[in-house]
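**Q** All I have is the shape, not the residue letters:
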């Protein structure tokens with residue numbers, strides 16, 4: 001086990017990609033512990049052999065098609081007309097556009113890489129501070145994996161055997177709360193710094209609504225499909241891809257063959273990386289469970305206290321720290337074998353815990369030093385990492401407030417799936 005954990009830590013410290021670090025250390029552990037070689041392939045393949053996980057590459061493709069097809073530009077233009085009159089207008093538009101796009105892609109990286117470019121350019125052109133623009137753009141991008149659909153929630157549902165439809169519905173209210181909390185902070189900044197705002201114009205708003213309506217109703221189509229039982233999460237991903245193609249090709253006519261092939265290539269690379277992380281993490285988790293490490297870690301955490309609120313605080317802190325350094329997919333598959341027995345022993349609702357866990361990991365995506373969304377926004381906006389680290393700090397506060405609301409008021413998460421899906 002020393003070789004198992006030691007190799008993993010060393011590989012991470014020298015900068016080896018997380019998927020390779022997990023896979024290599026798991027293989028070394030298997031060999032050192034005398035496991036049959038066939039176990040390595042079996043566990044990696046079985047880890048991704050799931051009908052539910054087909055949704056991951058399809059939602060990634062849907063997000064890329066929407067970005068390439070300029071659908072995101074229509075979403076931002078509508079958001080700008082809708083809330084641009086509030087002090088800090090473009091900051092509010094940034095959040096609203098991310099909320100709408102969240103209902104299509106389920107990915108923080110897709111939001112940051114696609115909408116982020118448009119949002120940063122618009123804000124800096126209109127006199128907003130570069131650091132403020134970068135901070136709100138990065139912070140709003142993490143709404144994507146909370147508001148349905150959500151790629152991390154799909155992974156959680158697959159590993160924890162929890163209804164993904166219930167998880168998706170459980171993310172609606174927290175996603176809306178995140179948007180409101182960020183908009184409150186934007187308002188405070190805007191009043192203090194006297195940021196400009198555009199005059200409200202109903203005629204232009206209605207005009208932009210009809211120009212963008214096919215884009216902005218996509219979340220409603222997906223959500224209504226879950227509520228009325230029209231399709232499963234995997235089928236919803238296919239609907240999202242088909243809908244994005246139809247809009248980009250025949251309505252906006254912004255997608256050509258060359259761009260489509262590029263979308264396929266980028267989606268394949270991203271999907272392969274995500275699924276490879278899941279596969280290697282499943283092998284790593286298998287070794288942990290087989291050697292009893294997961295049970296020992298669970299017993300240690302449960303030994304701290306029998307108070308569920310205190311244990312949830314410990315888990316939140318643990319996940320926030322891990323999220324600062326590791327990929328969400330890797331954390332999910334590595335930590336769930338440890339955390340699920342704890343959650344079940346404390347009789348915590350698995351839908352509630354799933355949304356709380358993903359919210360933790362998404363905050364980690366924008367937390368220094370290795371939050372991936374910080375790197376993406378820094379790259380597209382040419383803002384240095386030092387400035388990104390400084391810019392994001394105020395925006396982490398409202399996200400953490402929403403996290404603790406969801407943690408200690410379970411109804412924030414469970415009310416909607418209970419009402420709509422009779423969970």
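**A** Noted; the coordinates are in hand. Remember, predicted model here, so these are calculated numbers, not experimental data.
**Q** so how far is residue 183 from residue 139?
**A** In this view, residue 139 and residue 183 are 11 Å apart by Cβ to Cβ, to the nearest Å. C-beta: built from backbone N, CA, C; applies to glycine.
**Q** Those two: who's more crowded?
**A** residue 139 (30 against 22; other Cβ atoms under 10 Å).
**Q** Go ahead and confirm the more buried one touches residue 397.
**A** No - using Cβ atoms under 8 Å, residue 139 is not in contact with residue 397; the gap is 9.9 Å.
**Q** And the protein, what are its domain boundaries?
**A** 1-35, 51-421 (automatic domain parsing).
**Q** Quick one: mean pLDDT over the shortest one.
**A** Which is domain 1-35. The average of the pLDDT scores along domain 1-35 is 82.
**Q** Confirm for me that residue 20 is in contact with residue 11.
**A** Yes - between residue 20 and residue 11 there is a contact at 7.0 Å, judged by Cβ under 8 Å.
**Q** okay, these two: which has more neighbours?
**A** It is residue 11, of residue 20 and residue 11, that has more neighbours when counted by other Cβ under 10 Å, with 19 against 14.
**Q** Contacts only, for residue 165.
**A** Contact partners of residue 165, counting by Cβ atoms under 8 Å, 6 or more residues apart in numbering, are 226, 232, 233, 417, 421.
**Q** actually residue 51, not the one I typed
**A** residue 234.
**Q** before we move on, what about residue 399?
**A** 139, 142, 178, 181, 182, 359, 362, 363, 366.
**Q** Find the nearest non-adjacent residue to residue 223, please.
**A** residue 148 (6.4 Å; Cβ to Cβ, 6 or more residues apart in numbering).
**Q** Look up how far residue 23 lies from residue 281.
**A** According to Cβ to Cβ, residue 281 stands 9 Å off from residue 23.
**Q** before we move on, back to that, and the residue nearest to residue 223, how many residues sit next to it?
**A** By other Cβ under 10 Å, neighbour count at residue 148 equals 24.
**Q** now residue 211
**A** 14.
**Q** Quick check: it vs residue 70, distance?
**A** The spacing between residue 211 and residue 70, counted by Cβ to Cβ, is 12 Å.
**Q** Tell me where the model's unsure across the stretch 1-150 of the chain.
**A** Where the stretch 1-150 of the chain drops to pLDDT under 70, the residues are 1, 105-111, 113-114.
**Q** And the stretch 301-423 of the chain, by the same measure?
**A** Using pLDDT under 70, the stretch 301-423 of the chain drops low at 422-423.
**Q** Helices of that one, residue ranges please.
**A** With DSSP state H, counting those that start in this stretch as the criterion, the stretch 301-423 of the chain has helices at 308-323, 328-345, 350-364, 372-381, 385-408, 411-421.
**Q** now the residue nearest the centre of the chain, what's its secondary structure?
**A** The structure's the chain has its C-alpha centroid closest to residue 145; by Cα atoms, centre = their mean the separation is 2.8 Å. Under DSSP: H, G, I helix; E, B strand; the rest coil, residue 145 falls in the coil class.
**Q** Please look at it and residue 152 and confirm they touch.
**A** Yes - assessed by Cβ under 8 Å, residue 145 is found in contact with residue 152 at 4.8 Å.
**Q** Could you tell me which residues touch both of the two?
**A** Shared contacts of residue 145 and residue 152, counting by Cβ under 8 Å, 6+ apart, come down to 328, 358, 362.
**Q** Redo the residues you listed as a markdown table? Include distance to residue 412 and neighbour count.
**A** Formatted as a markdown table, the shared contacts of residue 145 and residue 152 follow (distance: Cβ to Cβ, whole Å; neighbours: other Cβ atoms under 10 Å):
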| residue | distance to residue 412 | neighbour count |
| --- | --- | --- |
| 328 | 21 | 26 |
| 358 | 14 | 27 |
| 362 | 16 | 26 |
